[in-house]
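K.L.:
show me the folded form of this:
(one chain, ligands or ions: 1)
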Amino acid sequence: MIPLLSLTGLTVARAGVPVLREAALQLFPRDRLAIVGPNGAGKTTLLRTIVGLEPVAAGRLVLFGQPCTTERDFRPLRPRIGFLFQDSDDQLFCPTVLEDVCFGPLNCGLSPAEAEARARETLDALGIGHLEGRVTHRLSGGEKRLVCLAGLLAMRPEVLLLDEPTNGVDAANGARLRTALAAFEGAMILVSHDEGFVAEIATRAMLIAGGRLSEAEIHVHPHMHVHPHLHPKA
Ligand SMILES: Nc1ncnc2c1ncn2[C@@H]1O[C@H](COP(=O)(O)OP(=O)(O)OP(=O)(O)O)[C@@H](O)[C@H]1O
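P.N.:
Numbers count the residues shown, from 1 in each chain. This next block holds a predicted model:
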């Protein structure tokens, strides 16, 4: 089977210091690969490198069978990869939710009417159709997360790169997010510190430590709930 993404011997340095050292990974159709590791290990850097946002010091990066080194190589392939940024405010830039979710489909060549229909369908599938008229910068953190995901899913990408998708998301929106990701038929790379989420969604995992990427195991932890105890005043 041909991998969708293939990295070999990939080294990325910042100010001469390697953040990723000879990283290798392959992502196949329907793979749900979790990348775990401590703060500052290079997880975000890895995702940014895959879409050509970081200069590569050494190694080979192949997307959908095409070796990629220059911006000209990456640009036509980016619509096939939906990248959820760690910070939603870096991703949302249109005045309203509907306009923001339409942006990707419009960029992919859909007409305005088709893009709106696609955006509404995607927002409804995520259970957030009621947000379509809202001003994006006034949404809650969790709502922003789901709107960003809607913007990516509306492009019908083949691969999702998700950087901390559950960050700041409450139980109800978290359930919507998990349902949408479980239904997603493409492949994904999932960066997350949320162990329950990783155990539920990922099919395999890799660990980044000291700039090195290695295979890891997914451990399923017992589920925990926090129940409020209300004590009526005596
Ligand atoms: N723009 C930048 N300029 C200089 N150094 C940076 C920059 N962005 C990240 N770094 C450094 O590169 C290293 C890897 O950062 P990265 O954001 O990839 O880590 P991460 O594993 O995603 O961390 P976290 O779990 O905290 O999100 C860190 O040491 C970080 O301080």
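
K.L.:
and the one helix or strand Glu200 maps to, which residues are buried?
P.N.:
Using DSSP states H and E, the element containing Glu200 is helix 195-201. Neighbour counts over helix 195-201 (16 or more other Cβ atoms under 10 Å) mark 196-198, 201 as buried. (Glycine included, C-beta is placed from N, CA and C.)

K.L.:
one more: stretch 28-40?
P.N.:
Neighbour-count burial for stretch 28-40 [16+ other Cβ under 10 Å]: 31-37.

K.L.:
list the contacts of that stretch.
P.N.:
Residues outside stretch 28-40 that contact it (Cβ atoms under 8 Å, 6 or more residues apart in numbering): 1, 3-4, 25, 27, 43, 46-47, 185-193, 198, 201-209, 213, 216, 218.

K.L.:
buried subset of those residues?
P.N.:
3-4, 25, 27, 43, 46-47, 186-192, 198, 201-202, 205-208, 213, 216.

K.L.:
sec struct for the residue positioned nearest the centre of the chain, please.
P.N.:
With distances taken as Cα atoms, centre = their mean, Leu162 lies nearest the centre of the chain, 1.5 Å away. Of the three states, Leu162 takes strand according to DSSP: H, G, I helix; E, B strand; the rest coil.

K.L.:
surely it touches Ala187?
P.N.:
No: look at Leu162 against Ala187 with Cβ atoms under 8 Å: they stay out of range, at 11.4 Å.

K.L.:
parallel or antiparallel, list what pairs with the following helix or strand past the helix holding Glu200.
P.N.:
Later in the chain than helix 195-201, the nearest helix or strand by DSSP H and E is strand 204-209. Strands that pair with strand 204-209, judged by DSSP bridges, come out as strand 32-36 (parallel), strand 212-216 (antiparallel).

K.L.:
of those, which is nearest Gly127?
P.N.:
strand 32-36 (21.2 Å; Cβ to Cβ).

K.L.:
so for that closest one, mean pLDDT?
P.N.:
Averaged across strand 32-36, the pLDDT comes to 96.

K.L.:
now do it: distance to the chain's middle.
P.N.:
11 Å (Cα atoms, centre = their mean, to the nearest Å).

K.L.:
could you point out which element follows that strand?
P.N.:
Downstream of strand 32-36, the first helix or strand assigned by DSSP H and E is helix 43-50.

K.L.:
restricting to C-alpha, output the helix or strand that comes right after that next one in PDB.
P.N.:
Moving toward the C-terminus from helix 43-50, the next helix or strand (DSSP H and E) is strand 58-63. The C-alpha coordinates for strand 58-63 follow below in PDB (Å, rounded to 0.1, in the frame of the first residue of the first chain):
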ATOM      1  CA  ALA A  58      17.900  17.200   6.000                       C
ATOM      2  CA  GLY A  59      15.700  14.200   5.000                       C
ATOM      3  CA  ARG A  60      12.900  13.500   2.600                       C
ATOM      4  CA  LEU A  61       9.200  14.300   2.800                       C
ATOM      5  CA  VAL A  62       6.700  12.700   0.300                       C
ATOM      6  CA  LEU A  63       3.000  13.800   0.300                       C
END
